[in-house]
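K.L.:
Any chance you could fold what I've pasted below:
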Amino acid sequence: MLHIDIENIGGIRAGTATVDDGLNVVQASNFRGKSSLIAALRTGLGATGHFDDHPLTEGATAGRVLLETDDGRHEVSLERTAGTVTRSGEPYLADENDQLCVRLFACLDENNPIRRAVRNGDDLTELLQTPLNIEEIDRQIEEIRREQAALETEITEAERAGEQLPTLQEEVTQLEERLEELRDEREQLAAEENEKAQIEQLSDEISAKSGSLASTGSEISRLESEIERKESRLADRRAELDELDEPEALEESIDVEAKRTEADRLETQIQLVEDLHRANQNVLDEGELDLVTDVERTIEADEIVCWVCGSRTTRDEIAERVERLQSRAAELREQRQELRTELEAYEQRRQEIRQRREEREQLQREIEQLNADVEERKGTLERTRERKDELETEIEALRAELEDAEEEYNEELTDVKTEIRTTESALERNRETLREREEEYAALEALEDEHDELQARLRELRNRKKNTQEALRDQFNAIIADIVDQFEPGFSGARLVLRTDERGEVEEIDLEIARDIDGKGRRTSVDTLSEGEVELIGLVVALAGYHAFDVDETVPVILIDGISQLAAEHLRSVATYLDDTSDVLVTTAYPEAGEFAGQTIVPDEWDVVSDAVDATP
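P.N.:
Okay, here's the model as predicted:
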C-alpha cells in the first residue's frame, strides 16, 4: 500500500491519496487531477526529469511530494529558479539507472518516451537499450581490444625470445670457453713479467665503464622506442580531436518555456472542444433532443430550438456545427504536435552538444597526459644521453692512459689482456641479453592466460548485451501475441526485429507490424492503425522492457495514463491483463468507463487548478 501527499504537482494544488495493492482506478472527468496524480507518483519514485521536465504546477515556485510505502517515507521537493525546475530530496529510487528503467517501462503515461516513439514512428533502439548502458559496454569492449593488442605484441616478442634462447645460450657458452682460454694464456705470460698493478686497475675500470656504457645504450634505445610509441598515439588523439567539431553553444532560438506553456494551453483547449463535441454528438446520436430543448416536428423538417443560443434551427444545421467542433479539435492537435516536435528537436540538439563536449574533454585530458609522459621521457632520455657521452669520454681517456702504460710491457701480453676485456664485455652483454630473453619467455604462459581472460571477458560482454536484447525481443513478441489473441485489434501481429552488423552485433531494434489482408499478413506502419491500436502497441513495447529488465524487482508499481483512445471494455481488459504483473497498478479512466474490479480513487476533495479557473467570474 502507498500513501501520497501532494503540493503543486501538475494540476493538483493540494491533495492526498491512498493506493492499495492490486488495481487502483483514478476515475474523474477532465481537469480533476487524474494525470497529475500519476505525475506525483512518478515524482515520488524519482522517475521525472530524464526525458521531460519535473511536473511543477505552472506559476508555482515550489512543490512537494511525500510518498509513504511499507519501506519508509520518501520526500521530494521541486523548485523553480530562473525558469528551470530542479529536484531535491530522497525519492524511492536512488540509482539513476533504476530511475531511467522505471520511467521507460513502469510509468506508462501518455508522455512515456517509448509510447511517444511508437506513436511518432521513431527509432526505438536507443530507448530500449538505455538500461543496458550500451556506451559503457562498448567502452569496456574497446578497452579490452586495446589491451589484447598490447598483449599480442608482448606474446609475439616472448615467442621470438624463446626462439632466440638456444642461439644466445650457445654464444654465451662459447664466450665463457674463450675467456677461460685467454685467462690461462694471460697467466702464462704474466708469470714471466713483473706485477703490473696500474695496468690491471685501468683494465678493470675500462671493463666496468664499458658495461655501464652498454646498459646506457640499451636504456636510450628503450626510451626512444617508448617516446616514438607515445608520440604516435598522441598524434592519433590530436587527429581525433581535430575531426571533432567544436561544440557550438546552444542558442535559445526558441522560447522553450513559452512553447511548453502554449502546448499545455492547446491541450486544455483540445480537451474542452472534444468534451463539447462528445456531449453534443451523444445527444444527436441517441436521438434525445427532447431532453435538452424543444422540438417542433413538421412534415418538411423538425424545427429545433438551439439549447445554447435559443434560436430556431434544424437537426442538420446542429450536426454540421458539431462536425465543425471536431475539425477545430483536429486543428488544435496539429498545432500541439508542431510545438512538441520543435521542443523535442531542441532537446535532442542539447543532448548532442553535451555529448560532443564530453568527447572533446576526454580527448584533451588524454592528450595532456600523453604530452606530460612524452616530456618526462624526453627529459630522462636527454640525461641518459649526457651520461653516455660522459662514459664514452671517460673510457676514451682510460684507454689512452692504458695504452701509454702498456707501451712499456710485452705487446703480446697486452693483446691478450685487451682481448680478455673485450671478451668479458661481450660475455656480460650476452648474459644480460640471455637473462632478458629468459624472463620474456618465462612470462609467455602468463601473457597467454591473461589474453584468454580478456577474450572471455569480451565474449561475456558481447553475450550479455546480445542476450538482453534477445530477451527484450522475445518478451515483446510473446506479449504482443498474447495481446492480439485477447484484444483482437485491427492488426494481425507485431514483433521486434534485431538488425545486426557484419560482426553480428545489434545496431538497430526495428518494430514490424502486420495487418491481415485477404488472409495474408502484410507489413504495415503505425500510420495505418487506429489511435487505440497504436497506444496498445506502445504499451506492449514498454511492458516487454518491464519484463526483460526485471523492473518489478526495482519498483512494485505500474502507472498507466492517457489510454482514453481504448474502448471502455478494452481499458478494463488491459487492467485485468496487468493485474498480476505488478503488486500495485494505477490507471486513469473517465466516469463513463463504468466500474472496475479494484479500488476507485475519486479526487473530489483535491484542490486542483481548474477550481480556480471555474471560480473566475
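
K.L.:
where does L496 land in three-state SS?
P.N.:
Secondary structure for L496, judged by DSSP: H, G, I helix; E, B strand; the rest coil, is strand.

K.L.:
Next up, the contacts around it.
P.N.:
By CB atoms under 8 Å, 6 or more residues apart in numbering, the residues touching L496 are L124, L128, L472, R473, F476, N477, I509, D510, L511, E512, V541, A544. Where you see a C-beta, it was placed from the backbone N, CA and C, and this is true even at glycine.

K.L.:
hang on, the third one packs against A548?
P.N.:
When you say that, I think you mean L472. Yes - taking contacts as CB atoms under 8 Å, L472 lies within contact range of A548: 4.0 Å.

K.L.:
quick one: which of the two has more around it?
P.N.:
L472 (24 against 21; other CB atoms under 10 Å).

K.L.:
Would you quantify the distance from Q201 to V484?
P.N.:
Distance, Q201 to V484, by CB to CB, to the nearest Å: 99 Å.

K.L.:
Tell me where this structure has helices.
P.N.:
Counting by DSSP state H, the chain has helices at residues 34-45, 96-105, 113-120, 125-128, 134-190, 197-243, 256-286, 315-406, 411-442, 444-487, 531-548, 568-577, 609-615.

K.L.:
Mean neighbour count, the ones you listed: which tops it?
P.N.:
Comparing these by mean neighbour count (mean count of other CB atoms under 10 Å), helix 34-45 ranks first with a mean of 27.

K.L.:
what angle do that one and helix 96-105 make?
P.N.:
Computed by axes from the mean of the first three to the mean of the last three CA atoms, to 10 degrees, the angle separating helix 34-45 from helix 96-105 equals 160 degrees.

K.L.:
any idea of the pLDDT on K196?
P.N.:
In this model, K196 is scored at 59, pLDDT.

K.L.:
In the stretch 51-200 of the chain, where is pLDDT below threshold?
P.N.:
By pLDDT under 70, the low-scoring segments of the stretch 51-200 of the chain are 134, 189-198.

K.L.:
And K520, what's its pLDDT?
P.N.:
The model reports K520 with a pLDDT of 61.

K.L.:
Show me which strand runs longest in the chain.
P.N.:
Counting by DSSP state E, the longest strand found in the chain is strand 506-517.

K.L.:
and that one, C-alpha only, in PDB?
P.N.:
Only the C-alpha atoms of strand 506-517 are listed here, as PDB (Å, rounded to 0.1, in the frame of the first residue of the first chain):
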ATOM      1  CA  VAL A 506      22.800  -5.400 -32.900                       C
ATOM      2  CA  GLU A 507      22.800  -2.000 -34.500                       C
ATOM      3  CA  GLU A 508      19.000  -1.400 -34.600                       C
ATOM      4  CA  ILE A 509      15.900  -2.700 -33.000                       C
ATOM      5  CA  ASP A 510      13.100  -2.400 -35.500                       C
ATOM      6  CA  LEU A 511       9.300  -2.600 -34.800                       C
ATOM      7  CA  GLU A 512       7.400  -4.500 -37.500                       C
ATOM      8  CA  ILE A 513       3.600  -4.500 -37.600                       C
ATOM      9  CA  ALA A 514       1.500  -6.800 -39.800                       C
ATOM     10  CA  ARG A 515      -2.100  -6.400 -40.900                       C
ATOM     11  CA  ASP A 516      -4.200  -9.300 -42.200                       C
ATOM     12  CA  ILE A 517      -5.200  -8.500 -45.800                       C
END
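
K.L.:
Starting from it, tell me which strands it pairs with and how they run.
P.N.:
Paired with strand 506-517 in the same sheet, following DSSP bridges, are strand 493-500 (antiparallel), strand 520-524 (antiparallel).

K.L.:
May I see the helices of the chain organised as JSON lines, with distance to L56 added?
P.N.:
Formatted as JSON lines, those follow (distance: least, CB to CB, whole Å):
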{"stretch": "helix 34-45", "distance to L56": "9"}
{"stretch": "helix 96-105", "distance to L56": "17"}
{"stretch": "helix 113-120", "distance to L56": "20"}
{"stretch": "helix 125-128", "distance to L56": "25"}
{"stretch": "helix 134-190", "distance to L56": "30"}
{"stretch": "helix 197-243", "distance to L56": "40"}
{"stretch": "helix 256-286", "distance to L56": "12"}
{"stretch": "helix 315-406", "distance to L56": "17"}
{"stretch": "helix 411-442", "distance to L56": "65"}
{"stretch": "helix 444-487", "distance to L56": "33"}
{"stretch": "helix 531-548", "distance to L56": "25"}
{"stretch": "helix 568-577", "distance to L56": "29"}
{"stretch": "helix 609-615", "distance to L56": "12"}
